[in-house]
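Trainee: Here is a sequence with its predicted model. Questions after.
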Amino acid sequence: MNSHRHPASARFPIVGQELAVAGVPLSMVAARVGRTPFYAYDRTLVRARVDELRAVLPPQVRLHYAIKANPMPALVSFMLNHVDGLDVASGAELMVALDAGCNQREVSFAGPGKSETELNQAVAAGVLINVESSREVELLAQITAHLRRTARVAVRVNPNFELKSSGMKMGGGAKQFGIDAEKVPEVLEEIGKRGLAFEGFHIFSGSQNLRADAICEAQSNALELAVRLAAHASAPVRSLNLGGGFGIPYFPGDKPLDVAPIGQHMRGLVALAGQRLPAATLVVELGRYLVGEAGIYVCRVIDRKVSRGEVFLVTDGGLHHHLSASGNFGQVIRKNYPVEIGNRLSEGPREVASVVGPLCTPLDLLADRMELPVAAPGDLVVVYQSGAYGLTASPLQFLNHPPPAEVLV
């Protein structure tokens with residue numbers, strides 16, 4: 001094994017001197033796709049991640065895939081064979097879920113700014129709508145009357161606690177997400193008056209967390225909050241979505257999340273929920289954790305330049321395809337994603353080089369002065385940890401270069 005390989009690459013084997021995706025050498029994957037740049041997702045790694053998680057979670061907990069992490073239709077269809085439901089955040093994602101054949105009873109729809117059209121779509125489809133404002137309750141009552149189909153709703157709660165050590169805090173304090181916990185009782189009363197079908201709560205306090213103890217604490221707090229709020233509901237709680245928050249390691253020093261303590265903790269939560277919310281099913285909603293480490297972004301070196309002693313590998317890809325790897329999607333201080341020259345993984349000469357894209361901005365940077373194998377035009381640059389928030393989280397139209405392809409291998 002190449003001693004220089006980043007730990008994030010460990011899930012991908014080496015064939016000859018090339019990285020392999022689902023056993024297929026990278027150059028062959030590129031030939032299949034027919035062009036670079038592209039995203040490649042390894043279905044064997046996705047399946048293995050779900051299996052690893054299922055092995056520690058109690059069987060009573062339902063596992064949902066959050067499409068926003070990666071809405072590629074082929075991947076979503078594949079996920080349906082391995083998870084219990086899907087969570088969507090737009091009307092377009094709802095169509096992806098329905099086209100994939102997901103049972104509408106197992107689709108939930110969240111988002112702080114759902115349009116009236118999207119709410120119409122959701123009621124017509126019969127999916128569970130996580131309401132995030134009084135406005136949505138009023139609109140859903142009107143749509144229910146118009147379509148003569150009762151809206152299924154859960155209340156997305158903005159809790160009075162945060163997910164500690166979370167990369168992105170989605171709850172606690174003042175937030176655009178959900179309904180403040182102290183205002184939920186009056187919204188529940190309105191849901192009952194309007195005749196909507198109340199089914200439960202969605203309490204998602206943060207994402208991208210690598211600390212099991214913080215996730216366990218947030219889950220316990222969410223259950224306690226749901227129990228308190230249930231006293232104000234017009235019907236028993238049937239679904240309690242605890243969100244996700246499970247993170248993946250991106251940068252040096254990041255330690256992979258240990259899910260075993262979370263699974264053990266959730267066994268206790270299931271027992272407690274059985275006593276205090278006996279009709280409720282617990283749901284864990286995960287996106288990045290299920291697919292993030294199973295994907296790579298691949299671009300080709302088109303030029304090698306030396307500027308005042310520094311090496312620049314200029315590629316046909318960049319921030320317009322992979323904004324997060326460039327450091328412009330939530331990083332406060334820019335750090336390099338794990339990057340390798342995917343067709344030069346045997347031991348050989350190495351150098352410090354920067355990997356840049358073709359755009360006319362210094363922000364178009366995929367690797368800043370990293371130690372890499374000596375590369376030349378035609379070589380393939382690989383960015384790991386790219387299965388989530390890659391293509392669809394990037395400004396594809398910036399400078400109007402061609403979009404990347406996607407392939408599920």
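Mentor: Sure thing, it's come through. All of these numbers come straight from a predicted model, not from anything done at the bench.
Trainee: my read: residue 265 touches residue 216, true?
Mentor: Yes: using Cβ atoms under 8 Å, residue 265 is in contact with residue 216, at 4.2 Å. The C-beta positions use only the backbone N, C-alpha and C, and glycine is treated the same way.
Trainee: Give the helix, strand or coil label for residue 153.
Mentor: Three-state call for residue 153 (DSSP: H, G, I helix; E, B strand; the rest coil): strand.
Trainee: Identify the residues contacting it.
Mentor: When contacts are counted by Cβ atoms under 8 Å, 6 or more residues apart in numbering, residue 153 is found next to 128, 129, 130, 131, 137, 140, 191, 196, 197, 198, 199.
Trainee: can you tell me which of these are in helices?
Mentor: The members of the contacts of residue 153 that map onto helices under DSSP state H are 137, 140, 191.
Trainee: So what does the closest residue to the second one other than its chain neighbours look like in phi/psi?
Mentor: Spatially, and ignoring its direct neighbours in sequence, residue 140 is nearest to residue 151 (4.2 Å; Cβ to Cβ, 6 or more residues apart in numbering). Summarising the backbone geometry of residue 151 under the convention degrees, to the nearest 10, its torsions are phi -70, psi 130.
Trainee: Quickly note the distance from residue 151 to residue 136.
Mentor: The gap separating residue 151 from residue 136 is 9 Å, by Cβ to Cβ, to the nearest Å.
Trainee: Buried residues in stretch 379-392, which are they?
Mentor: Buried positions in stretch 379-392, judged by neighbour count with 16 or more other Cβ atoms under 10 Å: 379-391.
Trainee: wait, residue 126 sits on residue 105?
Mentor: Yes: counting by Cβ under 8 Å, residue 105 is a contact partner of residue 126 at 7.2 Å.
Trainee: So between the two, which is more surrounded?
Mentor: Each of residue 126 and residue 105 has its neighbours counted (other Cβ atoms under 10 Å); residue 126 has more, 15 against 11.
Trainee: biggest strand in the protein by residues?
Mentor: As assigned by DSSP state E, the longest strand anywhere in the chain is strand 295-307.
Trainee: Other residues contacting the helix or strand following it?
Mentor: Per DSSP states H and E, the first helix or strand lying C-terminal to strand 295-307 is strand 310-315. Strand 310-315 has contacts (Cβ under 8 Å, 6+ apart) with 37, 299-306, 351-358, 366, 369, 372, 375, 379, 381.
Trainee: mind listing the strands in the stretch 101-250 of the chain by residue range?
Mentor: 107-109, 128-131, 152-158, 168-169, 179-180, 197-202, 206-207, 239-241 (DSSP state E, counting those that start in this stretch).
Trainee: among the ones you listed, which is the most enclosed?
Mentor: strand 128-131 (a mean of 28; mean count of other Cβ atoms under 10 Å).
Trainee: Whichever of the contacts of strand 310-315 end up buried, select them in PyMOL.
Mentor: Applied in PyMOL, the following selects the buried portion of these according to 16+ other Cβ under 10 Å:
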select buried, resi 37+299+300+301+302+353+354+355+356+357+358+366+372+375+379+381
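Trainee: that's a strand at residue 63, yeah?
Mentor: Yes: the assignment for residue 63 is a strand, going by three-state DSSP.
Trainee: beta partners of residue 40?
Mentor: residue 296, residue 407 (DSSP bridges).
Trainee: quick one, what contacts it?
Mentor: Contact analysis of residue 40 by Cβ under 8 Å, 6+ apart lists 21, 29, 33, 295, 296, 298, 406, 407, 408, 409.
Trainee: One more pass at 10 Å, please.
Mentor: Taking Cβ atoms under 10 Å, 6 or more residues apart in numbering, we find residue 40 in contact with 12, 19, 21-22, 24, 26, 29-30, 32-33, 294-298, 382, 386-387, 405-409.
Trainee: ok so, going back, make TSV out of the contacts of residue 153 and add distance to residue 60 and pLDDT.
Mentor: Output for the contacts of residue 153, formatted as TSV (distance: Cβ to Cβ, whole Å; pLDDT from 0 to 100):
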residue	distance to residue 60	pLDDT
128	18	98
129	24	98
130	21	97
131	26	97
137	30	98
140	29	98
191	26	97
196	27	98
197	23	98
198	22	98
199	17	98
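Trainee: so how many other residues sit close to residue 360?
Mentor: 7.
Trainee: Residue 400 is in contact with that one, correct?
Mentor: No: applying Cβ atoms under 10 Å, one finds residue 360 not in contact with residue 400, separated by 11.8 Å.
Trainee: Need the residues touching each of these two.
Mentor: Joint contacts of residue 360 and residue 400 (Cβ under 10 Å, 6+ apart) do not exist.
Trainee: who's in contact with the helix or strand where residue 55 lies?
Mentor: Under the criterion of DSSP H and E, residue 55 resides in helix 43-56. By Cβ under 10 Å, 6+ apart, the residues outside helix 43-56 that reach it are 11-12, 21-23, 42, 61, 63, 65, 70, 74-75, 78-79, 81-83, 246, 248, 258-264, 266-267, 284, 286, 289-295, 387, 408-409.
Trainee: Can I get that helix in PDB, CA atoms only?
Mentor: C-alpha atoms of helix 43-56 as PDB (Å, rounded to 0.1, in the frame of the first residue of the first chain):
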ATOM      1  CA  ARG A  43     -22.300   1.400  -4.900                       C
ATOM      2  CA  THR A  44     -20.500  -1.300  -2.900                       C
ATOM      3  CA  LEU A  45     -19.200   1.400  -0.500                       C
ATOM      4  CA  VAL A  46     -22.700   2.900  -0.100                       C
ATOM      5  CA  ARG A  47     -24.100  -0.600   0.600                       C
ATOM      6  CA  ALA A  48     -21.300  -1.300   3.100                       C
ATOM      7  CA  ARG A  49     -21.900   1.900   5.000                       C
ATOM      8  CA  VAL A  50     -25.600   1.200   5.300                       C
ATOM      9  CA  ASP A  51     -24.900  -2.300   6.500                       C
ATOM     10  CA  GLU A  52     -22.300  -1.000   9.000                       C
ATOM     11  CA  LEU A  53     -24.900   1.400  10.400                       C
ATOM     12  CA  ARG A  54     -27.700  -1.200  10.500                       C
ATOM     13  CA  ALA A  55     -25.500  -3.500  12.500                       C
ATOM     14  CA  VAL A  56     -25.400  -1.000  15.400                       C
END
